[in-house]
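Novice: All I have is the shape, not the residue letters:
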Ligand SMILES: Nc1ncnc2c1ncn2[C@@H]1O[C@H](COP(=O)(O)OP(=O)(O)OP(=O)(O)O)[C@@H](O)[C@H]1O
Ligand SMILES: O=C(CO)[C@H](O)[C@H](O)COP(=O)(O)O
């Protein structure tokens, strides 16, 4: 019979400590243990053999990188929905907070680590994409603390005023998502990530989306949108784009190949590039793992109007890494028929038959729900849930082993 000791459990995580009486469960003498973080607050809990084990430092960290206006917010809404429950800004806090909190996830926007406000950037002649306009030391220090189970006072960059507002308290969640321009730029921050995603929107498509949003919704002129994209491009190429080489999954959005010389940017070709050999992440495949497949699903079971839909799947290399690539060109006419495509995909980490289709139907009004952007964002959301659950199981069995020692 084993009894867990302060020493074995502390060795799991330096920010844990232990107290409380002994409890017997299935012949296994186990303490009812509680962990406290370094500030003395009782931390999160998880179940272990019927006993309640509460431990700081269980937060997994996901990085999502993309340029502004490339669909990060939409992706976050899909991701938090996979975990259930609505995401909202911290209650009673700054109305211009960029943070979104749900039961399981906290999404922080890395714009909050701008070290220069809008005026400061103008005076120094740097863009927000320039590392000199961002405080990577603080970003690292705070993400590390949250990962270790310690709450932090994170700054807020106010996108309305362009100023740095007083900080807000961020408590360690189960899943912390850091989204923004530079989650993978600084090696120290990159090393804290359990999984990373890069949204790679080609220039043509980015331009079309920017026009759609900034002209229709924000009243900007076509000329000013063009000028803003041009002004950001050198820094985007220098500091943002290179991060994709580090990503575990890349969603690449390109113009369609189904319409010759298309320049409308409405029909999209989307690739999901998945790195091989990443712990807790098994790439999705179509029909047969490792084969090269081309599939036109249009016909009896999937309604397709012009220009149709084409899928492709196969192995490739990406920045010297082995990857699997799933591609979808075209768009769905009827989302309920997506189940036909879903049933031909494997390793999708769903909990029940049709879960992808259900998620897509639930958010049919989100941008990209009729094409590969929505489909692949949903799939990546499910893979993140799976990764989180696998890590939790591993940590629980690690704790159990420790208690047996
Ligand atoms: N998958 C998509 N298909 C079509 N348009 C899209 C898609 N994703 C985003 N967009 C367009 O881009 C705009 C920006 O999307 P979103 O707000 O999700 O991006 P963001 O990266 O969070 O932007 P920002 O950082 O500037 O707040 C949307 O309003 C929409 O017009
Ligand atoms: O690239 C951006 C990240 O979303 C913004 O442009 C950056 O945060 C600067 O913000 P603002 O537009 O308020 O000056």
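Specialist: In hand now; what should we look at? Since the model is a prediction, treat every value here as computed from it, not as a measurement. Ligands and ions are numbered 1, 2, ... in the order given.

Novice: Next to ligand 2, which bits of the stretch 101-250 of the chain? Give me the list.
Specialist: 111, 118, 128, 159, 162, 181 (C-beta under 6 Å from any ligand atom). Backbone N, C-alpha and C define where each C-beta goes, glycine included.

Novice: can you pull the contacts of the third one?
Specialist: What that stands for is residue 128. Taking C-beta atoms under 8 Å, 6 or more residues apart in numbering as the definition of contact, the neighbours of residue 128 are 111, 114, 121, 134, 181.

Novice: Check the first one too.
Specialist: Residues in contact with residue 111 (C-beta under 8 Å, 6+ apart) are 98, 128, 157, 159, 180, 181.

Novice: any chance of those in a markdown table, plus distance to residue 300, secondary structure and pLDDT?
Specialist: Conversion of the contacts of residue 111 to a markdown table gives the following (distance: C-beta to C-beta, whole Å; DSSP: H, G, I helix; E, B strand; the rest coil; pLDDT from 0 to 100):
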| residue | distance to residue 300 | secondary structure | pLDDT |
| --- | --- | --- | --- |
| 98 | 47 | coil | 96 |
| 128 | 50 | coil | 96 |
| 157 | 52 | strand | 97 |
| 159 | 49 | coil | 93 |
| 180 | 44 | strand | 97 |
| 181 | 45 | coil | 98 |
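
Novice: backbone phi and psi for residue 360, please?
Specialist: With angles defined as degrees, to the nearest 10, residue 360 sits at phi -70, psi -40.

Novice: can you count the residues close to the nearest residue to residue 319 once chain neighbours are set aside?
Specialist: Counting by C-beta to C-beta, 6 or more residues apart in numbering, residue 319 lies nearest to residue 245, which is 3.9 Å off, once chain neighbours are set aside. Residue neighbour count, defined by other C-beta atoms under 10 Å, stands at 13 for residue 245.

Novice: Then residue 337?
Specialist: Neighbourhood size, residue 337 [other C-beta under 10 Å]: 16.

Novice: Checking it next. Helix, strand or coil?
Specialist: Each residue gets one of three states, and residue 337 gets helix by DSSP: H, G, I helix; E, B strand; the rest coil.

Novice: ditto for residue 182
Specialist: Look at residue 182: counting by three-state DSSP, its state is coil.

Novice: Find me the pLDDT at it, would you?
Specialist: In the prediction, the pLDDT value recorded for residue 182 is 98.

Novice: Contacts only, for it.
Specialist: With contacts defined as C-beta under 8 Å, 6+ apart, residue 182 is in contact with 65, 110, 131, 134, 136, 139, 189, 239, 240, 243.

Novice: which ones are touching the closest residue to the third one other than its chain neighbours?
Specialist: Once its chain neighbours are removed from consideration, residue 131 has its nearest residue in residue 239; the separation is 6.1 Å (C-beta to C-beta, 6+ apart). Remark: with contacts taken as C-beta under 8 Å, 6+ apart, residue 239 is in contact with 129, 130, 131, 181, 182, 185.

Novice: In the residues you listed, which residue is surrounded by the most others?
Specialist: Going by other C-beta under 10 Å, residue 181 tops the contacts of residue 239 with 27 neighbours.

Novice: how close does that one get to residue 101?
Specialist: Using C-beta to C-beta, to the nearest Å, we find residue 181 at a distance of 21 Å from residue 101.

Novice: So what's the model's average confidence on stretch 235-246?
Specialist: Averaged across stretch 235-246, pLDDT comes to 98.

Novice: Please report the distance of the residue nearest the centre of the chain from ligand 1.
Specialist: Central residue of the chain (C-alpha atoms, centre = their mean): residue 64, 4.7 Å from the mean position. Applying C-beta to the nearest ligand atom, to the nearest Å, the value for residue 64 to ligand 1 is 9 Å.
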